[in-house]
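Q: Curious how this folds, go ahead:
(chains A, B, C, D and E)
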Amino acid sequence: MIVRHIPSWFRLLFVWHGSVLPRIWPRLLMVLAVGLVAAGLRHWWLQSLRDSSLSIPTFTLLGVSLAIFLGFRNSVSYDRFWEARKLWGALLIASRSLTRQMLAALGDNDDSSRFIDGVCAFAYALKAQLRGQDAEAQLRRLLPAEALEKVLAGSFRPALILVWLGREAQRLQRAGQLSELQWHALDRNLNTLSEILGGCERIASTPMPFTYRVLLNRTITIYCLLLPAGLVTSIGWLTPPIAVFIAYTYFALEQIAEELEEPFGTEGNDLPLATLCHTIEASLREMQGLPLQPPPPRQGIYLH
Amino acid sequence: MIVRHIPSWFRLLFVWHGSVLPRIWPRLLMVLAVGLVAAGLRHWWLQSLRDSSLSIPTFTLLGVSLAIFLGFRNSVSYDRFWEARKLWGALLIASRSLTRQMLAALGDNDDSSRFIDGVCAFAYALKAQLRGQDAEAQLRRLLPAEALEKVLAGSFRPALILVWLGREAQRLQRAGQLSELQWHALDRNLNTLSEILGGCERIASTPMPFTYRVLLNRTITIYCLLLPAGLVTSIGWLTPPIAVFIAYTYFALEQIAEELEEPFGTEGNDLPLATLCHTIEASLREMQGLPLQPPPPRQGIYLH
Amino acid sequence: MIVRHIPSWFRLLFVWHGSVLPRIWPRLLMVLAVGLVAAGLRHWWLQSLRDSSLSIPTFTLLGVSLAIFLGFRNSVSYDRFWEARKLWGALLIASRSLTRQMLAALGDNDDSSRFIDGVCAFAYALKAQLRGQDAEAQLRRLLPAEALEKVLAGSFRPALILVWLGREAQRLQRAGQLSELQWHALDRNLNTLSEILGGCERIASTPMPFTYRVLLNRTITIYCLLLPAGLVTSIGWLTPPIAVFIAYTYFALEQIAEELEEPFGTEGNDLPLATLCHTIEASLREMQGLPLQPPPPRQGIYLH
Amino acid sequence: MIVRHIPSWFRLLFVWHGSVLPRIWPRLLMVLAVGLVAAGLRHWWLQSLRDSSLSIPTFTLLGVSLAIFLGFRNSVSYDRFWEARKLWGALLIASRSLTRQMLAALGDNDDSSRFIDGVCAFAYALKAQLRGQDAEAQLRRLLPAEALEKVLAGSFRPALILVWLGREAQRLQRAGQLSELQWHALDRNLNTLSEILGGCERIASTPMPFTYRVLLNRTITIYCLLLPAGLVTSIGWLTPPIAVFIAYTYFALEQIAEELEEPFGTEGNDLPLATLCHTIEASLREMQGLPLQPPPPRQGIYLH
Amino acid sequence: MIVRHIPSWFRLLFVWHGSVLPRIWPRLLMVLAVGLVAAGLRHWWLQSLRDSSLSIPTFTLLGVSLAIFLGFRNSVSYDRFWEARKLWGALLIASRSLTRQMLAALGDNDDSSRFIDGVCAFAYALKAQLRGQDAEAQLRRLLPAEALEKVLAGSFRPALILVWLGREAQRLQRAGQLSELQWHALDRNLNTLSEILGGCERIASTPMPFTYRVLLNRTITIYCLLLPAGLVTSIGWLTPPIAVFIAYTYFALEQIAEELEEPFGTEGNDLPLATLCHTIEASLREMQGLPLQPPPPRQGIYLH
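A: Coordinates of the predicted model:
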């Protein structure tokens, strides 16, 4: 045989849970039904309404503007996903830089580990805010009592943690443990945390303009439901499967765009924020020479 | 039944106010009228002018350059919208960073809250300048008397608030309340506010070149009005609905692009500047441990 | 009546001066002439050269590569325009930041207003260099004698103004009027002015590669002149208007791209540098509490 | 003869190992087989199933959404590749800047060469982490004993090297060998190393969303296997070669996208990390005036 | 007459040296030959192989994936060209900033002019490294003896010049001629030079992945050679000129992409590095009040 192992392109053909089929099969079924009706009635239709039947060129014409829409929608959604990922990558980077600076300045003492735990708490609080969850357990574990109270009372918790980190850095500088420039270097990385927080909030609070979604959904749905009427004059009984195949590409692309658009959820394609928080904590602990903790259960299918 | 709840893709089909239909239905009606005329006259036309009738391939040909236009126009408009959103996100970020730095340096005293109120005032003044509104009420509430007078007398109010914030930071530094480096860190964030101001002014004062709008509007309108003449030879009495459907995709996309292009207005798709200002003030108040205020009434349909 | 006021999409159909028609009508007239000849000779042509006639699919085929070209050319030209606009926006931002820093450090004294006038002079000198004009009048008004002489003698005048601003900042620091860090903060904004200068020079001195222009112009011209021969077999006497319409979209898009590509000129679509310079000066004067001056006459049609 | 030397475009036609043919020929063979069957059975098929046969316009219709997919997939993959390359370019840049700063501050002494060796070690450790290799040999060669132990014990080795570099810079500053500002300048470049590390980890740990791969693979495979059925009604016995040619363009583009997507591997199109590490070490050694070492064996086919 | 002067679009039709025709005419001639053969043999072919002949829709189908390729290739190549131009623009900017800082700090003395000459030398050395040339003459002119020896002995010469500039800045700071912060401001611009060097090296050392070139060249060549077979059934004796015209657009676009991809060469479309170096030196000399030198001979056709 040519192929000894099943190649990946072949296996991917039969994937169910990793694809968007579970979410779009009802619509595909509708297209199939319309396709079957169209194929069954086509002789009657063509005879009674000779010169008033759709054909493939009509759909090619429409395809142009649909292509613009879908391509645009898709790029915007992916860019949101990727920007969100970059922000969480930047969070890991800034957390490590703060840790490095603290360890270099203070060494492994109580003050530095308090501060670094606060940086960890920021990550958990950000995750909780983005997902509408409650990070109280993690915050209790990581924040000292005096900060905890204020943070838990607030509604913009990550911002309050930043306030506390700012005060803490200032306190250490006044106590002579940080030089002016060391404080300045820390402060710049706190600014970066602030930028990450604001960036995530922006993505979470500003979806794609609603009119785009209405327009795209409407156009694609009508297009796919009309499609069998256009195909049937050319390809007869092949209409149902081919129409479903074409509709699949459109519905699937729209569905993926819809899922990626909100990258902070808990579905398959969303960012694995729990894992990312764990990675941050693990990395900061390792930098302090502390033992690592077991990772959280995997979320979704695609990411580590 | 397959679908127990009405799925979102189905509901979106019948949305009226969230879509652009309220703004484009007159044009769609015109296309419908032309389509009905074309369908009624088609036998007479085809007999008398045998070889001089339009057909679908002619429109496919044109569709290519239209696709370039629309796609380009759309990307540019969305980029303007998203850049405007990023600038307001950056305003929240910089305001929080300034607040954090002030609170860390001075604690909760009169000077810090004066300064932080000034940062809030900057946001309100920027909103007012971009919308051609008057922010006097907010400025009176947030600015001290000595700054208020100068700011209200000027025409570039946010810039004047920045001047005052700069002088204030300098005063605090001279009074020994801020160290040189703390002043420097504040000054960098004031630079950021200046960048945000300039960026918003740029978007507000430089629309897309007028010739683009003329060209795109002209091409799409002529295209859609000619379309029935091209479709009627192929699809007869189906011409009116199909022509309206195709025209809908073009007109709607152009309309959305037109609305997103100016993101600082007060229509449905524009940025909810009032809400954003309120979020900034609420976040800065929370960071200072002050009670929150009720949010303003919602603007538009799509944003929080 | 459905429409009480004339809607904007209708008015835009008949715009002449804001569109590119005044620059492309000779070429459109040529296409019209070819279209009329083709329509008149089509019977003779089809009989004598049966199987050697062009048709629409041939042009659809070509349309693909033309679409790539035009879309690419257009994006590049617009990006140049928008980058130029961003640079001038950044100039306003940096000028204001320098003014804020100066006013905060020195207050309203002679030294600060000398320096701020120098920043204004930079804007006028940059405009003059980009347009090949002479800014002597403005420079005489804004620069002190000792700087004026050197600047007027040079060929890279904005760079020489920056040298003077750098020396001036240094002098003020040595005289104890600026602290080391205040000097540093100013110096960073002088770096930004240097970046703006270099960015504008880059755009002005590096047009799009010449071969692109040759290729695109050649392809579009030949395409549009051949077009009537392809359309005439399908649409007969409708060839002349339709060919002109299609040619209009191509020529117009190319023309706009050509005009936007050089954003520093004085034509309708170019950046209103005089207005931008005036805005900068007005804003800096207002920040110093000085009275404003009347704006310059409007340039072009689209911008304030 | 017109062409004296074999021109490059001609040679490229027959390249085997540099192309993706070795990875996609099984799929091309399948398309060929389907094409031969279709061509052989076409008369029987057309007679028995008159009005139910596929044709080229059906595939043109589908081609639109495929084009969106492939173009998007391809851009994303290339952007990942190019971002990875930029990060490694930034690593060279930051390493050189750190070296320049160390040499300027300390001259060629033991402390500076220890530090610079540590920067080299960072590059090797990053390469090893991205490829799942073990850099122990290189680390032993470049790191001092006290750092080596901790680094080898950890799982995020490059981050641990950064911690050590941070402590080292701090130590030198405390010992008076670096001024505060020199330490600050070094610290900023250490931040840059941290950003490079985080950026590479992000690319390595976040592949393109799995559903995209499933969707694209499925659509292209089905499309190419159906293609002969569509072509055979128009082009008969030319179906097999033409179908293979078209399938080649789709499969090859998908395959390239798949290979570029993970730029840190060891295949032909991946980044030559070994060579890049060697360049970094060679450049840093030369800056210190040390003799160069021989380059490693070439990886892959495409670089330098 | 309508047109009094020959308009530019007309002149561009007949450009030879500025276009890519000199490099692609052999391939166009091949397409012409195939076209003539196809036109001559078409009756025989159509009779003997009735249902196995290519037609235009087959090529439209293929055109889609070709369009993706070409557009992508073209954007990538132009981005490389433009990034290279930006890096050289940034070199001018950073050189001027270094000069401004030096002049402000030291005035016009020997130390400052030594340093500024070193910055000039960096530009010449970078040009020489990118082009594989030898800049010894310029380096001898601009570098002092102690630096020259080390630089000429090395293989990464611009990096060695940066080392020397770093040591020089340090020396001036230790000698009290530069304050700590002035040294810091210079050091940041030296970092920028390091980034420019690394960016240029990256572009020069990492071409587009080889497989892309293979795939694109192969697809376009086969497509254009098959094209006459597809056109001949529809357009008969018009096949040769039309096939050559279509092939011209494809070959020309590929050729331009190939030339822009390596922007540091010495061909017509490459960056005029000699002129850019001269501009840098002229600008730095003018800033120091030194007389200018004559510009070098022009390179290529398109740039100043």
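
Q: close to chain D, is stretch A:257-267?
A: Yes: applying Cβ under 8 Å from any Cβ of the partner chain, one finds stretch A:257-267 in contact with chain D at A:259-260. Glycine gets a C-beta too; all of them are placed from N, C-alpha and C.

Q: Name the residues that touch that stretch?
A: A:20, A:70, A:73-74, A:76-78, A:80-81, A:84-85, A:130-131, A:200, A:203-204, A:207-208, A:213, A:268-271, A:273, A:299-300, D:209, D:211 (Cβ atoms under 8 Å, 6 or more residues apart in numbering or on different chains).

Q: Next, the buried residues of it.
A: Buried residues in stretch A:257-267, counted by 16 or more other Cβ atoms under 10 Å in any protein chain shown: A:257-265.

Q: In CSV: these, plus secondary structure and pLDDT.
A: CSV is the format used below for these (DSSP: H, G, I helix; E, B strand; the rest coil; pLDDT from 0 to 100):
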residue, secondary structure, pLDDT
A:Ala257, helix, 90
A:Glu258, helix, 88
A:Glu259, helix, 88
A:Leu260, helix, 90
A:Glu261, helix, 90
A:Glu262, coil, 91
A:Pro263, coil, 93
A:Phe264, coil, 94
A:Gly265, coil, 87
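
Q: And chain E, is stretch A:167-186 touching that?
A: No: residues of stretch A:167-186 contacting chain E under Cβ under 8 Å from any Cβ: none, with a closest distance of 10.5 Å.

Q: again with stretch A:249-256
A: No: judged by Cβ under 8 Å from any Cβ, stretch A:249-256 stays clear of chain E, getting no closer than 13.8 Å.

Q: Mean confidence (pLDDT) on that stretch, please.
A: Stretch A:249-256 shows a mean pLDDT of 90 in the predicted model.

Q: Is chain D within reach of that stretch?
A: Yes: counting by Cβ under 8 Å from any Cβ, contacts between stretch A:249-256 and chain D involve A:249-250, A:252-253, A:256.

Q: Narrow these to those that are buried.
A: Listed as buried from the residues of stretch A:249-256 next to chain D are A:249-250, A:252-253, A:256; burial here means 16+ other Cβ under 10 Å.

Q: Let me know the secondary structure of A:Ala104.
A: Secondary structure state of A:Ala104, per DSSP: H, G, I helix; E, B strand; the rest coil, is helix.

Q: give me every residue that touches it.
A: A:Ala104 sits next to D:163, D:166-167, D:169-170 when contact means Cβ under 8 Å, 6+ apart.

Q: mind giving me JSON lines with these and columns for pLDDT and distance to A:Ser52?
A: Below are the contacts of A:Ala104 laid out as JSON lines (pLDDT from 0 to 100; distance: Cβ to Cβ, whole Å):
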{"residue": "D:Val163", "pLDDT": "94", "distance to A:Ser52": "76"}
{"residue": "D:Gly166", "pLDDT": "94", "distance to A:Ser52": "77"}
{"residue": "D:Arg167", "pLDDT": "94", "distance to A:Ser52": "81"}
{"residue": "D:Ala169", "pLDDT": "95", "distance to A:Ser52": "80"}
{"residue": "D:Gln170", "pLDDT": "94", "distance to A:Ser52": "82"}
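
Q: At the contact with chain B, which residues of the stretch 1-150 of chain A appear?
A: Residues of the stretch 1-150 of chain A lying near chain B (Cβ under 8 Å from any Cβ): A:26-27, A:29, A:49-55, A:57-58, A:60-62, A:64-69, A:71-72, A:76, A:150.

Q: Where does the prediction get shaky in chain A?
A: A:1-4, A:49-51, A:294-304 (pLDDT under 70).

Q: Name the nearest of the buried residues of stretch A:257-267 relative to D:Leu292.
A: Of all the buried residues of stretch A:257-267, A:Pro263 has the smallest distance to D:Leu292: 46.0 Å, by Cβ to Cβ.

Q: Skipping its backbone neighbours, what lies nearest the closest one in space?
A: A:Ala84 (4.0 Å; Cβ to Cβ, 6 or more residues apart in numbering or on different chains).

Q: Just the ones of the buried ones among the residues of stretch A:249-256 next to chain D in helices?
A: A:249-250, A:252-253, A:256 (DSSP state H).

Q: Next, count neighbours for the closest residue in space to A:Ser55 that isn't next to it in sequence.
A: Spatial nearest neighbour of A:Ser55, chain neighbours left out: A:Thr233 (5.4 Å); criterion: Cβ to Cβ, 6+ apart. If you count neighbours by other Cβ atoms under 10 Å in any protein chain shown, A:Thr233 ends up with 17.

Q: if I look at A:Gly236, how far off is chain D?
A: Taking Cβ to the nearest Cβ, to the nearest Å as the measure, A:Gly236 falls 3 Å from chain D.

Q: Could you look up the SS state of that residue?
A: Applying three-state DSSP: A:Gly236 is helix.

Q: ok, and does the host helix or strand of A:Cys277 reach over to chain D?
A: In the assignment (DSSP states H and E), A:Cys277 maps to helix A:273-287. Yes: on the criterion Cβ under 8 Å from any Cβ, helix A:273-287 is in touch with chain D at A:282-283, A:286-287.

Q: Likewise for stretch A:92-99?
A: Yes: using Cβ under 8 Å from any Cβ, we find that stretch A:92-99 touches chain D at A:92-93, A:96-97, A:99.

Q: Distance from that stretch to the middle of the chain?
A: Offset of stretch A:92-99 from its chain centre (Cα atoms, centre = their mean, to the nearest Å): 22 Å.

Q: likewise stretch A:256-275?
A: That offset, for stretch A:256-275, works out to 3 Å (Cα atoms, centre = their mean).

Q: ok so, going back, filter the contacts of A:Ala104 to keep only those in contact with chain A.
A: Answer for the contacts of A:Ala104 near chain A (Cβ under 8 Å from any Cβ): D:163, D:166-167, D:169-170.

Q: Of these, which belong to helices?
A: D:163, D:166-167, D:169-170.

Q: got the residues of the stretch 151-300 of chain A near chain D?
A: The stretch 151-300 of chain A comes close to chain D at residues A:179-181, A:184-185, A:189, A:231, A:234-238, A:242, A:245-246, A:248-250, A:252-253, A:256, A:259-260, A:268-269, A:282-283, A:286-287, A:289, A:292, as judged by Cβ under 8 Å from any Cβ.

Q: List the buried residues for stretch A:194-207?
A: By neighbour count on 16+ other Cβ under 10 Å, the buried set for stretch A:194-207 is A:194-204, A:206.

Q: and of those residues, the nearest to chain E?
A: Closest approach between the buried residues of stretch A:194-207 and chain E, by Cβ to the nearest Cβ: A:Glu195, at 20.6 Å.

Q: Surely that closest one touches B:Ile93?
A: Yes: here A:Glu195 lies in contact with B:Ile93, judged by Cβ atoms under 8 Å, at a distance of 5.2 Å.

Q: Taking the buried residues of stretch A:257-267 together, which two end up most distant?
A: Based on Cβ to Cβ, the longest span within the buried residues of stretch A:257-267 runs between A:Ala257 and A:Phe264 and measures 15.9 Å.

Q: ok, back up a step: just the buried residues of stretch A:194-207: which are in helices?
A: Counting by DSSP H, these contribute A:194-204 to helices.

Q: for the residues you listed, which one is nearest A:Arg141?
A: A:Leu197 (20.6 Å).
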